[in-house]
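[1] what follows is a predicted structure for the sequence shown.
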Amino acid sequence: MPSSDLFVSANAAGWISPEPGVTRRIMTYLPEMMMVEVVFEKGAIGAPHSHPHIQASYVAEGRFEVTIDGRTETLEQGGSFIVPPDLVHGVKALEKGRLIDTFTPYRAEFLR
């Protein structure tokens, strides 16, 4: 079963860019859960998508327009949202920002 070390330093995980203006790194994971840090430049978009995982996200920095299943809200630092399995969701960074995403179970495709 894949898993990260129990302790992961800030510079131990590599960053990738899945979309223009967006970078992410896997912070830590077990098969049952994964935590990911995602950094957005102002105006960057996390394109609408869906997946079978439950996703809970925390706005660590910035302001985001978040759309889940056709409902759109603006969230600022300290806000959070949760996405049930298979609902279409996406974000737009209204300013430079950072999300902490958690997934259950882990996103196996993020490890490839």
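    Cool, got the structure.

[2] count the residues that sit near Pro20.
    9 (other Cβ atoms under 10 Å). (Each C-beta comes from the backbone N, C-alpha and C, glycine too.)

[3] meant to ask about Lys42, not that
    13.

[4] cool, Gly62 as well?
    For Gly62, using other Cβ under 10 Å, the count is 19.

[5] quick one, what contacts the closest residue to it other than its chain neighbours?
    Spatial nearest neighbour of Gly62, chain neighbours left out: Gly97 (1.9 Å); criterion: Cβ to Cβ, 6 or more residues apart in numbering. Going by Cβ atoms under 8 Å, 6 or more residues apart in numbering, Gly97 touches 39-40, 59-64, 77.

[6] mind running it again at 7 Å?
    40, 59, 61-64 (Cβ atoms under 7 Å, 6 or more residues apart in numbering).

[7] just these: which are in strands?
    40, 59, 61, 63-64 (DSSP state E).

[8] picking up where we left off before, kindly provide the distance from the residue nearest to Gly62 to Arg112.
    26 Å (Cβ to Cβ, to the nearest Å).
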